[in-house]
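Colleague: just to be clear, the model below is a prediction. Sequence and coordinates:
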Amino acid sequence: MPPFGSMASTEDFTVQAQKVHEAGLELLETASRSNKISIVNQNGFRKIFMDFVEVINKQQKLLNIVTGRMIEQKELIQTKLEKLITPPIPFAEIVKEETRKHRSRSRPRDKKNTVLVYSKKETDSRKVRDKVQKAIDPFKLKIGIKNVKDVKKGILIECNKEDEIQRLTDEIEGNETLKNECEIHQPQKFNPKIIIYRVGENFDIDEGLSKLKEQNEEFDEAEVKHEFLQKTKFGTNWVISTDPKSFYKIMKTGKVNCGWQRHNIREYLKVKQCYKCYRFGHLAKFCKNITDDRILCSKCGQAGHRNRECSNEAKCLNCARYNERSRVKYDDKHDCMSRDCSMIQKEIDFLRIRINYSFEI
Ligand SMILES: [Zn+2]
Ligand SMILES: [Zn+2]
Ligand SMILES: [Zn+2]
């Protein structure tokens, strides 16, 4: 639907208004020639004025419709853009999960089902991964590996249960090839981050922090920290971090007060995706998969053209790769950078492993 399709009829109104205007002038001319205004002329005047009012009313109605549509479109665009910046968060799900956790334990604590492994000799995470995978047999240890992820200079291993990660840690520490080379760390957890949309061009961070604390009861006992300002084409957004309890309170509200404004907020979860190979975990300037200037189309994943020139069917490289090596099949008929991608959802789950959502009630 062309958003302003009905605008064409304003021309009709202009013609109509012009006609009424001319008729009025003509009547005035006749009236001025006689010394008194006849009843017929009076009625004529009344009719013309009523016509005028009607034309103006019609135009006003049309303007209202157009303005309404413009506001609707603007809001739609803003919502879509916000979705592009941050993927949607099934927030209710985390709350459910956390509530369940708290109910089932007298003292809430974090599940320790992940471990970081580094090598004293290697800084390339792929090589660390190869070494560990060669030396350790999960089948023999009777453990389920949920996920292995490259992190800076090492790998992060996730199991389903805490005792499984314990068995794995014991094995690495006792393993002949690994024990003198590998270091094991508990991953450090970070406070959840929140993005506050459109805080204004000349935003003062210190002032902003005190306004947040003073104007939002959810932040009464909060530990709020400035992370960074994100300048976009559509304005400046502010990313802060806060303690888990205050995070839950403010996310339930869904908005924050800051000065005269009430801003939209979302949990900030940034998935790192390469614009060259479309894999996750690194940026294009650090891409080791495509070292030349070759570009892959984000829509179909093939080389030699860009997505706006693409006439192929959409195929997501990440989902297709996953489907090849696993029994579970995900829909891969979408752009490699689409927010509907199941692999992006997995990346978000991975980001969440490193975030501290637990708190004492
Ligand atoms: Zn890459
Ligand atoms: Zn293509
Ligand atoms: Zn995908």
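Modeller: On my side now, so go ahead. Ligands and ions are numbered 1, 2, ... in the order given.

Colleague: quick one: S210 from R262, how far?
Modeller: 17 Å (CB to CB, to the nearest Å). The C-beta positions use only the backbone N, C-alpha and C, and glycine is treated the same way.

Colleague: before we move on, what about Q73?
Modeller: 22 Å.

Colleague: over to Q273?
Modeller: Q273 is 32 Å from R262, by CB to CB.

Colleague: what's the answer for Y330, then?
Modeller: 38 Å.

Colleague: so between the two, which is more surrounded?
Modeller: When neighbours are counted by other CB atoms under 10 Å, Y330 and R262 differ, and Y330 comes out ahead with 17 against 13.

Colleague: touching, that one and I344? I think so.
Modeller: No. Using CB atoms under 8 Å as the test, Y330 is too far from I344 to be in contact (11.0 Å).

Colleague: so which residues on the stretch 201-350 of the chain come close to ligand 2?
Modeller: Neighbours of ligand 2 within the stretch 201-350 of the chain, by CB under 5 Å from the ion: 297, 299-300, 310, 312.

Colleague: check contacts around the residue nearest to A23 when sequence neighbours are not counted.
Modeller: Computed as CB to CB, 6 or more residues apart in numbering, the closest residue to A23 that is not its neighbour in sequence is I48, at 5.7 Å. Going by CB atoms under 8 Å, 6 or more residues apart in numbering, I48 touches 20, 23-24, 27.

Colleague: what about these, which are in strands?
Modeller: Within the contacts of I48, no residue falls in strands by DSSP state E.

Colleague: name the member of those with the most neighbours.
Modeller: Greatest neighbour count in these, by other CB under 10 Å, goes to V20: 19 neighbours.

Colleague: could you check the pLDDT of the closest residue to that one other than its chain neighbours?
Modeller: Closest residue to V20 apart from its sequence neighbours, by CB to CB, 6+ apart: D51 at 4.7 Å. D51 carries a pLDDT value of 81.

Colleague: immediately after the lowest-mean-pLDDT helix or strand in the chain, which helix or strand?
Modeller: Of all helical and strand segments in the chain, the minimum by mean pLDDT, DSSP states H and E falls on helix 91-104, at a mean of 51. Sequence order places strand 114-119 as the next helix or strand after helix 91-104, per DSSP states H and E.

Colleague: who are the packing partners of that following strand?
Modeller: helix 125-135, strand 154-159, helix 162-174, strand 182-185 (3 or more CB pairs under 8 Å, 6 or more residues apart in numbering; DSSP states H and E).

Colleague: and that strand with helix 125-135, angle?
Modeller: 100 degrees (axes from the mean of the first three to the mean of the last three CA atoms, to 10 degrees).

Colleague: what packs against the helix or strand harbouring H226?
Modeller: Under the criterion of DSSP H and E, H226 resides in strand 224-232. If you count contacts as 3+ CB pairs under 8 Å, 6+ apart, strand 224-232 packs onto helix 205-215, strand 235-242.

Colleague: average pLDDT across it?
Modeller: The model assigns strand 224-232 a mean pLDDT of 94.

Colleague: keeping just the C-alphas, turn that strand into PDB.
Modeller: This file holds the C-alpha atoms of strand 224-232, laid out as PDB (Å, rounded to 0.1, in the frame of the first residue of the first chain):
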ATOM      1  CA  VAL A 224      24.300   1.100  38.000                       C
ATOM      2  CA  LYS A 225      27.400   1.500  35.900                       C
ATOM      3  CA  HIS A 226      27.900   3.300  32.600                       C
ATOM      4  CA  GLU A 227      29.200   1.000  29.900                       C
ATOM      5  CA  PHE A 228      29.300   3.000  26.700                       C
ATOM      6  CA  LEU A 229      27.300   5.300  24.400                       C
ATOM      7  CA  GLN A 230      26.200   3.900  21.100                       C
ATOM      8  CA  LYS A 231      25.900   6.500  18.300                       C
ATOM      9  CA  THR A 232      23.600   5.400  15.500                       C
END
